[in-house]
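Asker: What shape does this take:
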Amino acid sequence: MRYFVLAVFLSTGWAAAQSLPGAAYQSAPQDRAAAAAAPAIVNLRLPAASEVRLGQLSEAEQATRQRGHARNTGVVRTLTGAGQQTMHWAALSDGRMSGRLSIESAGARTIRLHFTGFDAAQGQVWVRDEAGTGIAGPYSGRGPYDDGEFWSQPLAASRVYVDWAGPAADSPQFQIDRMSHAWMDGSTAADPERCQLDVACYPEIANEEKAVANIEFVGDDGGLYLCSGALINTKRSSFAPLFLTANHCVSTETEARSVVSFWSYEKLKCGDPPPDMSKATQIAGAHLATTQNAIAGDFSLLKLTSAPSGAYQLGWSATDPPVGDKVIGIHHPGGPPTNYKRVTFGTRDYDRIGAIYIGDLMVPEENFLQVNETEGRTEPGSSGSPLLNAGKQVIGVLSYGPVPPDGYGYCDMYGQASYGKFSLIYPQIRGYLEELPPPKVSVDKQQFNFRVVDGVAQAPQRQQLTITTDSDKPAGFTLTLGAPWLAAEPVSGAVSASAPATVNLFVSPSAAPSSGTFSTTATINLSSSVVAVSDPVPATVTANLQAVSHRAAITAAVAPNPVFEDPTSPDGYNFMFSLVLVSDADIRVTSMSFEGMNLSNRIVDFFGSDLVPGGSSLRALLNAHLDPSPTERVFEFAGYVPSTGAQWTAQAHGLFLPGSNSGDATLTLRPAARRPAVLVRR
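Answerer: Prediction:
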């Protein structure tokens, strides 16, 4: 009963007369073909790619998942051994390097790839089909969300290629740990054709249907799903790409980021053949603005990364229509290839009194508009689609409806659908629609100075930061620290206009550099309970560190890095590279090892000396006979500082990559200009 009272309060506690007309969406053209112009690498005749192959789906993978009335069209499969380390590498004619990897999931209708730990360095990554006509990307930097993790766009293929191209000295990093496999045919014999109404045959809703899109997303439960949703207008018609759908479709930020929306997925004119979903305009990515489960209306408001040119934003009304009024639903029922855009006509029925179970939730039925479908039918895949009143304004979001018994289709039963009331949803998204400004966050001090001497923090070690806001309601704050040497207590908490928050900033000596002057930032982000059209602007403070050390600063390196295989020389060497030792004080090198082998008696042979003069370096130019498979190799050094007796250690890491050579190799090293020494790996 508590939820029932809350629902009534939300429905009536705001101005019920709030409403807004629709508006044509204005934006630059945004479509996949323009954004994914074929990279030159696709047209090169490179050697066969490294391959990762998954066979036919298991019985467990083929099992359908239940997620309300979202349409389950595929499954997520786990990948191992897919990433930059397993690519086939080759030199391009323009001096760049390329990496290529193919991934196959037998029998897939479409494939999407999940990247993690992504860093394209100065290059770019594309995902493409075998012909190069379907291309996703390019992906650069740390990916679309700048955090190294994202799903690629879907490609209509069972085998795709991952291509990287960039400067030869670059070291891209990424893993592909999962892929989505869409079933070859998401439709069933029960999918309605005979009672569905083609939206192209109803010119009176030509504007409104441009606001509705089909969305595909990867569920946190490991399924691939289809739903519907629509762009919704704001009070100032600011053309923000706000997209309304159902909570039982997309309910987390992770799922929102995986969203791909399909636009203009409809017949061009009444009577045309069905369109191809893979040819629709695609917009990849979204953020979750706010969401509520079925107790509060079963809705999610997303912020798409963009919207296509020619789209439309629906107006809305926070007033429920009278019982018996005509209503319209625009949606994408079913699964490919028959789920292009349709329209359903009906009337509002009486509210139902009582509660029903939706999943594990007991939900008050009066939270939903009940619709008698007189023409056309909604079904799984239509979830999240808008219900429009006679003025063509949004008044509901499709949540649930009856399911036909086995052997029957939706056309064989009385049409009934339940939509989350916009009058209930509106107060929860009002800040976005009315574009309320976010609360402000401020700090009492902009700069902090710290000092560490020989690993010991100097006074004042802990310095106080006061955080304030103009929000009357308590708002959560979090600190993001820009360097590992800067620490804070606490790193999160609550703040309001009447209750400022206090944080202590200090240096973590164990993570501090040994010497030098450094600067970083601490960023204070506010997460307010006041829903606003934009996120609160963070506050930033600067932290400066002066680190003083009487110890030697020593660096060991492999150059170049990565090291690419050369043609095998007559005496059997296939890599040439340098080892470099740099120090700001005189040091002795007493120990050297390589992958567990002690090379200490070869230091002078390799470097010409075991003394590194302060402010200079020693360099060893080496030839090597190594296994050409992609491997990170580590050289370890140790020694002492003659002036103080202090011990030191250092490591040099190098990525060794194959070139045109291949085959087994024993491990050998020799100075390039000296008599070779042979070392055999056991």
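Asker: need the next SSE after the helix or strand encompassing Leu302, C-terminal direction.
Answerer: Using DSSP states H and E, Leu302 sits in strand 299-304. Next along the chain after strand 299-304, taking DSSP H and E as the criterion, comes strand 312-313.
Asker: how far is that next one from where the chain is centred?
Answerer: Relative to the mean C-alpha coordinate of its chain, strand 312-313 is positioned 26 Å out (CA atoms, centre = their mean, to the nearest Å).
Asker: So which other helices or strands are in contact with the following helix or strand past that strand?
Answerer: Per DSSP H and E, the first helix or strand lying C-terminal to strand 312-313 is strand 315-317. When contacts are defined as 3 or more CB pairs under 8 Å, 6 or more residues apart in numbering; DSSP states H and E, strand 315-317 packs onto strand 19-20, strand 393-400, helix 422-433. (Glycine included, C-beta is placed from N, CA and C.)
Asker: how big is the angle separating the host helix or strand of Gly346 from strand 393-400?
Answerer: Gly346 is part of strand 342-348, with elements assigned from DSSP H and E. Per axes from the mean of the first three to the mean of the last three CA atoms, to 10 degrees, the angle that strand 342-348 makes with strand 393-400 is 100 degrees.
Asker: who's in contact with the helix or strand just after strand 342-348?
Answerer: As assigned by DSSP H and E, the chain's next helix or strand after strand 342-348 is strand 355-358. For strand 355-358, contacts defined as CB atoms under 8 Å, 6 or more residues apart in numbering pick out 4, 68, 248, 294, 298, 362-365, 399-400.
Asker: Any idea what the spatially closest residue to Asp325 that is not a sequence neighbour is bridged to?
Answerer: Nearest non-adjacent residue to Asp325, counting by CB to CB, 6 or more residues apart in numbering: Arg348, 5.2 Å away. Per DSSP bridges, the residues bridged to Arg348 are Val371.
Asker: so what's Arg348 scoring on pLDDT?
Answerer: For Arg348, the model assigns a pLDDT of 96.
Asker: Just to check, it is in contact with Gly329?
Answerer: No. Look at Arg348 against Gly329 with CB atoms under 8 Å: they stay out of range, at 11.7 Å.
Asker: how about stretch 628-645: buried residues?
Answerer: 628, 630, 633, 635-639, 641 (16 or more other CB atoms under 10 Å).
Asker: Backbone dihedrals for Thr254, both of them.
Answerer: Per-residue torsions, Thr254: phi -60, psi -40 (degrees, to the nearest 10).
Asker: so where does the residue lying closest to it once chain neighbours are set aside fall, helix or strand?
Answerer: Nearest in space to Thr254, with sequence neighbours left out and distances taken as CB to CB, 6+ apart, is Asp220 at 5.9 Å. Per DSSP H and E, Asp220 falls between elements, in no helix or strand.
Asker: got the contact list for Thr344?
Answerer: So Thr344 contacts 197, 328-331, 373, 375-378, 415, 417 (CB under 8 Å, 6+ apart).
Asker: Can you turn the buried part of those into a ChimeraX selection?
Answerer: Of the contacts of Thr344, the buried ones go into a single ChimeraX selection, burial set by 16+ other CB under 10 Å:
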select :328,329,330,331,373,376,377,378,415,417
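Asker: hmm, which two among the contacts of Thr344 are most spread apart?
Answerer: Ile330 and Gly415 (15.3 Å; CB to CB).
Asker: circling back: looking at the contacts of strand 355-358, which are in strands?
Answerer: Under the assignment DSSP state E, these contribute 362-364, 399-400 to strands.
Asker: So which of those wins on neighbours?
Answerer: Ser399 (27 neighbours; other CB atoms under 10 Å).
Asker: Setting aside sequence neighbours, what's the nearest residue to that residue?
Answerer: Nearest non-adjacent residue to Ser399, counting by CB to CB, 6+ apart: Asp298, 4.2 Å away.
Asker: ditto for Ala213
Answerer: With CB to CB, 6+ apart as the criterion, Ala213 has its nearest non-adjacent residue at 4.3 Å, and that residue is Ser261.
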